[in-house]
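Undergrad: I'd like to go over a predicted model; first the sequence, then the structure.
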Amino acid sequence: AVMGILKSAGAPKNVELVIAGESLFNDGVGVVLFSLLMAMVVSGETPTFAHSAMLLLEEAGGGILLGLAIGYLTYRMLKNINSYQEEVLITLAAVIGGYALATRLHISGPLAMVVVGLIIGNHGRALAMSEETRAHVDMFWELIDEILNAILFVLIGLEIVVIAFSKGLAVGGIIAILITLFARLITVGMPIGLLRPVFRLPQGAWKVVTWGGLRGGISVALALS
C-alpha cells in the first residue's frame, strides 16, 4: 500500500528504494529478535548481553556472509551461461537451496537472501545477463512474489478471524502503534532529517519514512505464530 501510494504520487525513486530496502532488512532483523525472545520464553532465563550479542552476530553476521558466498557463486554461474531457462532455474535454486542451508546452519535466511538479491539484482543483472534473460528473470520473480504474497496474506487473514477482539486488545493495539511511530521517529526519521544530504533524499522525506515504515510478511507471520 505504501509503495503504491508513493508511485501514484510520483515520489522520488530514492525514497522508494529506502523504504523497500528497509522493509527487507526489517524482516531479517525481526527473525533474529524473535529467536532471542523465544529463547527467553522457552528457557525462562534472561540472556546476558554477551549471549544476545553472540546470537545477533551468528544470525545476522552469518546470514550476510552466507548471502555473499551464495550471491558470488550464483553470479559466476550466470556469467558463464547464456540461456534464460537455465539462468531462471539457477536463481530459483539459489533462493531455495540457500534458505534451506541457512536454516540448517541456524543463521538468518531472510538476511542471506537479501544479500543474494542485492548481488544478483545489481552486478548479476548488469554484467551476467542478456537483455532477454533480464526480462524473463524479472517476470518470473515478480509473478512468484505476487503469488506468495497473496497466499501469505490470505493465511494471515484466516488467523485474524479466530482472534477474539476486546476493548483491552484495541487499546493495546493503539498504544503499540503510537510506541512504534515514536520509535521510528527517533531511530529512522531523525537520522534521515539530520543527514538528508548524505542519503540524497528530498526535504520532508523523514516524515514519509517515519509514517511509511513497512513490516514485511515474515514479521507479521512471526507475531501471529
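TA: Structure's in. What do you need? On a predicted model such as this, the values are computed, not experimentally measured, just so you know.
Undergrad: which residue, other than its chain neighbours, is closest to the one residue sitting closest to the centre of the chain?
TA: What sits nearest the mean C-alpha location of the chain, by CA atoms, centre = their mean, is residue 24, with 1.7 Å. Closest residue to residue 24 in three dimensions, ignoring its sequence neighbours and counting by CB to CB, 6 or more residues apart in numbering: residue 114, at 4.8 Å. C-beta coordinates here come from the backbone N, C-alpha and C atoms, glycine included.
Undergrad: the one you found is in contact with residue 28, isn't it?
TA: Yes: counting by CB atoms under 8 Å, residue 114 does reach residue 28; the two are 6.0 Å apart.
Undergrad: give me the more crowded residue out of these two.
TA: More neighbours surround residue 28 than the other of residue 114 and residue 28, with 24 against 20 (other CB atoms under 10 Å).
Undergrad: per-residue confidence for the more buried one?
TA: pLDDT for residue 28: 70.
Undergrad: now name the helix or strand holding the residue nearest to the centre of the chain.
TA: Using DSSP states H and E, residue 24 maps to helix 13-43.
Undergrad: what distance separates the lowest-mean-pLDDT helix or strand in the chain from the centre of its chain?
TA: In the chain, no helix or strand scores lower on mean pLDDT, DSSP states H and E than helix 217-224, which sits at a mean of 74. How far helix 217-224 lies from its chain's middle: 12 Å, per CA atoms, centre = their mean, to the nearest Å.
Undergrad: now do the buried residues in that helix.
TA: Residues of helix 217-224 classed as buried: 217, 218, 219, 220, 221, 222 (neighbour count, 16 or more other CB atoms under 10 Å).
Undergrad: so can I have a markdown table of these showing distance to residue 44?
TA: Shown next, in a markdown table, are the buried residues of helix 217-224 (distance: CB to CB, whole Å):
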| residue | distance to residue 44 |
| --- | --- |
| 217 | 30 |
| 218 | 26 |
| 219 | 25 |
| 220 | 27 |
| 221 | 25 |
| 222 | 21 |
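Undergrad: on that earlier part again, and the helix holding residue 24, what other elements does it pack with?
TA: Secondary-structure packing of helix 13-43 (3 or more CB pairs under 8 Å, 6 or more residues apart in numbering; DSSP states H and E): helix 2-8, helix 49-56, helix 109-119, helix 205-211, helix 217-224.
Undergrad: now that helix against helix 217-224, angle please.
TA: If you take axes from the mean of the first three to the mean of the last three CA atoms, to 10 degrees, helix 13-43 sits at 30 degrees to helix 217-224.
Undergrad: start at 11 instead
TA: Yes, from this point I'll number from 11; that puts the last item at helix 23-53.
Undergrad: for helix 23-53, buried residues please.
TA: 25-26, 28-29, 32-34, 36-42, 45.
Undergrad: cool, and stretch 167-174?
TA: Buried-residue list, stretch 167-174, by 16+ other CB under 10 Å: empty.
Undergrad: what mean pLDDT does that stretch get?
TA: 81.
Undergrad: report the distance from it to the chain centre.
TA: Using CA atoms, centre = their mean, the offset of stretch 167-174 from its chain centre is 24 Å.
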